[in-house]
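Participant: fold the following and give me the result.
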Amino acid sequence: MAANERKEKVAIDIHNKVTGEELEKLLKRQLKELMERPEAAKELPPLMVWGAPGLGKSSILRDVASDLGIGFIDVRLAQREPVDIRGLPVPGPDGVKWLVASEWPRDPASRGIILFDEITAADRSLQVAAYEFILDRRLGELYQVPDGWYICAAGNRTEDRAVSTTMSSALANRFLHVELQEDVESWIAWARTHNIHPSVTGFIRFRPGCLFRQEGENLERGWPTPRAWERVSRMLKMFGEDEELLLRKVVYGLVGNRAGVEFMEFHKSSVTFDDVLTMMTDPEAPVRIPDAADRKYALCAAMTYLLWRGRDADDEARRIDGFYRICMAMSSDFASMAMMDAMAGNKRESDPVFAEKLFRHPRFKEWSDKHGKSLRKRYSIKV
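Facilitator: Presented below is the predicted three-dimensional model:
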């Protein structure tokens, strides 16, 4: 056998794809370094996040800034003029002076993220205007970016049929490039902490391919993206159970007819909040586990959505009791999925208090004896 045939083939990801969770971790690592060593500002490469429209690139960066309690400046380059970046020349008795935009941070002790969003939609004159700011963290002798601010950019790929221009090699070579990919588990984790309607999370669990889909879709109209599903969630809460026909048109307008028809059928057949809440809080209420897989996903989504939204400690305790009562009537695959979602809670930052409340419950051992093997298997796959 030839030596080159014996070598193990290694697949190379030329796009350097990351999930939303990985992007968050990377960004927080960079920001932590800046906070601990502000002098590292010139050493850390700015971050360029590529990705299709609707994946939530800017939302992730904004959420990280909010989590850390730091500033966030969103600069939409495609909507700016070069003078907005460089400053405005003003003639004076001693020559021309430049007025720099007031939006740039001045406080040397301040911390934050400056995002040049839609950088690939900006024409070359705007990209050139942003070069010095991004590459050297300054605008001539007029302005210096405080060390505590991290510079990022985001843009769409040329294959997305969005407005996109080629980035110059000089600018591209200075960035740390990653490409955000759609990832169901990362999005479900995000949805838990952003009050997304359980019909939406249950549907995406049931039909993960509908989280993001471009193939076969009319990209000039609504099509399935994480951003579009977030908006579907808002519309469900706005319409409630009223005006189903109009709600259908709204959903189709957001995610397209193909995914929209599937979702509305799922939503119609889903168990209602009232039914699930009654099962959770009334020990005398019969526990009914639906036969159809889509309705089981809907039940799990509703149950974990309601679990940590009790009015007080007593109400929460009743809901945890009901959670175990329902799980013990489920098959292990759905019970373990519900447990993992329940342990994660509904806070953005990981908090062991949710898992502790579940593990200390008197019925946890009984649950573990029945479903523990499935939970361990699911957890090992996730890790």
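
Participant: what lies in contact with stretch 132-151?
Facilitator: With contact meaning C-beta atoms under 8 Å, 6 or more residues apart in numbering, stretch 132-151 is reached by 27, 30-31, 34-35, 38-39, 41-42, 44, 46-47, 70-71, 85-87, 98, 100, 104-114, 116, 153, 171, 174. For every residue, glycine as well, the C-beta is placed using N, CA and C.

Participant: of these, keep whichever come out buried.
Facilitator: Buried subset of the contacts of stretch 132-151 (neighbour count, 16 or more other C-beta atoms under 10 Å): 27, 30-31, 34, 41, 44, 46-47, 70-71, 85-87, 104-105, 111-114, 116, 153, 171.

Participant: which of the contacts of stretch 132-151 fall within strands?
Facilitator: The strands, defined by DSSP state E, take in 47, 71, 98, 112-114, 116, 153 from these.

Participant: and the residues you listed, which two are the farthest apart?
Facilitator: Leu47 and Trp98 (28.0 Å; C-beta to C-beta).

Participant: name the element Ala65 belongs to?
Facilitator: Element membership of Ala65, judged by DSSP states H and E, is helix 57-68.

Participant: helices or strands up against that helix?
Facilitator: helix 20-36, strand 71-76, strand 112-117, strand 149-155 (3 or more C-beta pairs under 8 Å, 6 or more residues apart in numbering; DSSP states H and E).

Participant: buried set for the last one?
Facilitator: What that stands for is strand 149-155. 149-155.

Participant: out of those residues, which comes closest to Ile326?
Facilitator: Among the buried residues of strand 149-155, and counting by C-beta to C-beta, the member closest to Ile326 is Ala154, at 41.3 Å.

Participant: residue contacts, the closest one?
Facilitator: 48-51, 57-58, 61, 115-119.

Participant: what about it, distance to Ala172?
Facilitator: The gap separating Ala154 from Ala172 is 14 Å, by C-beta to C-beta, to the nearest Å.

Participant: quick one on the thing from earlier: pLDDT-wise, what's the bottom of the ones in strands among the contacts of stretch 132-151?
Facilitator: Of all these, Trp98 has the smallest pLDDT value, namely 68.

Participant: what residues are up against the residue located most distally from the centre of the chain?
Facilitator: Of all residues in the chain, Pro93 has its C-alpha farthest from the mean position, at 52.2 Å, by C-alpha atoms, centre = their mean. Residues in contact with Pro93 (C-beta under 8 Å, 6+ apart): none are found.

Participant: what about it, distance to Leu126?
Facilitator: Pro93 is 32 Å from Leu126, by C-beta to C-beta.

Participant: in terms of contact, does Arg231 touch Val251 like I think?
Facilitator: No: here Arg231 lies out of contact with Val251, judged by C-beta atoms under 8 Å, at a distance of 9.4 Å.

Participant: more neighbours: which of those two?
Facilitator: More crowded of Arg231 and Val251, by other C-beta atoms under 10 Å: Val251, with 25 against 18.

Participant: which SSE is that one in?
Facilitator: Using DSSP H and E, the element containing Val251 is helix 244-269.

Participant: Ala191 now?
Facilitator: helix 184-192.

Participant: for the helix holding Ala65, give me every contacting residue.
Facilitator: With C-beta under 8 Å, 6+ apart, helix 57-68 has contacts from 20, 23-24, 27-28, 31, 49, 51, 71-72, 74, 111-113, 115, 117, 152, 154, 180, 227, 348-349.

Participant: excluding residues flanking it in the chain, which one is nearest Trp187?
Facilitator: Excluding the flanking residues, the one nearest Trp187 by C-beta to C-beta, 6 or more residues apart in numbering is Pro226, at 5.5 Å.

Participant: give me the pLDDT value at the one you found.
Facilitator: 94.

Participant: what sits against it?
Facilitator: Here Pro226 is in contact with 54-56, 182, 187, 211-212 (criterion: C-beta under 8 Å, 6+ apart).

Participant: go again using 10 Å as the cut-off
Facilitator: Shown in contact with Pro226 (C-beta atoms under 10 Å, 6 or more residues apart in numbering): 20, 52, 54-56, 59, 180, 182-184, 186-187, 190-191, 196, 204, 211-212.

Participant: before we move on, what about Ile196?
Facilitator: 187-188, 190, 204, 226, 229-230, 232-234, 236-237, 301, 305.

Participant: just the buried ones among the residues you listed, please.
Facilitator: Listed as buried from the contacts of Ile196 are 187-188, 190, 204, 226, 229-230, 232-233, 236, 301, 305; burial here means 16+ other C-beta under 10 Å.

Participant: my guess is Val49 contacts Ala153. True?
Facilitator: Yes: between Val49 and Ala153 there is a contact under C-beta atoms under 10 Å: 7.2 Å.

Participant: find residues that contact each of these two.
Facilitator: 57, 115, 117, 119, 175, 177.

Participant: I'd like the next helix or strand past the least confident helix or strand in the chain by mean pLDDT.
Facilitator: Within the chain, no helix or strand scores below helix 3-6, which has a mean of 44 by mean pLDDT, DSSP states H and E. Next in sequence after helix 3-6, counting helices and strands by DSSP H and E, comes strand 17-18.

Participant: ok, residues contacting that next one?
Facilitator: By C-beta under 10 Å, 6+ apart, strand 17-18 touches 24-26, 49-51, 178-183, 186.
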